[in-house]
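J.: requesting a structural model of the entry that follows:
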Amino acid sequence: MPTSNTEEQLIMLGTGNATAIHCYNTCYLICNPDSMILVDCGGGNGILRQLHDSGIDYRMIHDIFITHGHADHLFGLFWLIRVIGTSMNKGDYTGDLHIYCHNDLIPVIRTIGELTIQPKFYKHVDKRIFLIGVEDKQVLPICGYEFHFFDIQSKKMKQFGFATTLKNGKRLTCLGDEPCTDAGLPYAAGSDWLLREVLCLYRDKDIFKPYEKNHDTVKDACTYAEQWQVKNLLLYHTEDKQLSQRKALYQEEGRHYFTGRLFIPDDLEIIDL
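T.: Numbers count the residues shown, from 1 in each chain. From the prediction side, this is the model:
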């Protein structure tokens, strides 16, 4: 749960892109004093280390949303199913686990899970571990919030984002890990908190080739956030070649294009919402 007296927090478990080796792949928790939801799981069992180092007992997690099926967002899920299944067998996991994703991803999760997780742990799927498909523009109550899911119209793989109103009345929108399209704009515009991927600095675009990968740069994300009158912009899913300087470098580029509050979190950083 949140580690301060504030109502809600975002705990960045990972901030890196798919090939990052000096930080974990992008995933995070939205927490309030009563519940939490994990958004994406990163690419491997590093999710267990990140939770441990954040002081989060994985047995506290009962709701997970997977934006899409790329390995760096999905594969950590199977380690969580494995350890939560173990806890269920031991009788020390209270309640059920709900995994939300778009409908096309459910058979992928089932296939990988059946092939890689021992039956004695996987047996809880459909009994206490539930795969719940969401559709474009569907609204679901999760953790005391109304989550508005939407298809971001990805050019690479089907991917969903979401928007929700926090308990403090602020609107938070996640656009996944690709540039905003017309499908996501109604949710992004005017957001109090906008969560955006950026692969790199604009000055480094010829090195990291963001546009070839359908990703944005810091300049791109900040320029659009300014146009959309976003109040707080949080950037993640970056390259990790200049990790020790990332925060300062991205802030410096971003301040020329965005006048709101700009956040460039490190792994395990906690942001008060």
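
J.: in the stretch 1-150 of the chain, where is pLDDT below threshold?
T.: Counting by pLDDT under 70, the stretch 1-150 of the chain contains low-confidence ranges at 1-6.

J.: show me where it has its strands.
T.: 9-14, 27-32, 35-39, 63-65, 97-102, 129-134, 139-142, 145-151 (DSSP state E, counting those that start in this stretch).

J.: hmm, who's touching stretch 129-147?
T.: 30, 32, 34-37, 63, 65, 81, 84-85, 96-103, 106, 109-110, 125, 148-151, 160, 162-167, 183 (C-beta atoms under 8 Å, 6 or more residues apart in numbering). (Each C-beta comes from the backbone N, C-alpha and C, glycine too.)

J.: should've said stretch 218-228
T.: For stretch 218-228, contacts defined as C-beta under 8 Å, 6+ apart pick out 179-180, 185, 188-191, 194, 196-198, 200-202, 233, 235, 250, 253-254, 256-260, 262.

J.: mind giving me the PyMOL select for the contacts of stretch 129-147, buried ones only?
T.: To isolate the buried members of these in PyMOL, using 16 or more other C-beta atoms under 10 Å:
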select buried, resi 30+32+35+36+37+63+65+81+84+85+97+98+99+100+101+102+109+125+148+149+150+151+160+162+163+164+166+183
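
J.: what pairs with Gly14 across the strands?
T.: Cys27 (DSSP bridges).

J.: that one touches Thr26, doesn't it?
T.: Yes. Applying C-beta atoms under 8 Å as the test, Gly14 and Thr26 come out as touching, 5.3 Å apart.

J.: now distance to Asp272 too, for the strands of the stretch 1-150 of the chain, in JSON lines please.
T.: Formatted as JSON lines, the strands of the stretch 1-150 of the chain follow (distance: least, C-beta to C-beta, whole Å):
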{"stretch": "strand 9-14", "distance to Asp272": "6"}
{"stretch": "strand 27-32", "distance to Asp272": "11"}
{"stretch": "strand 35-39", "distance to Asp272": "15"}
{"stretch": "strand 63-65", "distance to Asp272": "21"}
{"stretch": "strand 97-102", "distance to Asp272": "25"}
{"stretch": "strand 129-134", "distance to Asp272": "28"}
{"stretch": "strand 139-142", "distance to Asp272": "21"}
{"stretch": "strand 145-151", "distance to Asp272": "17"}
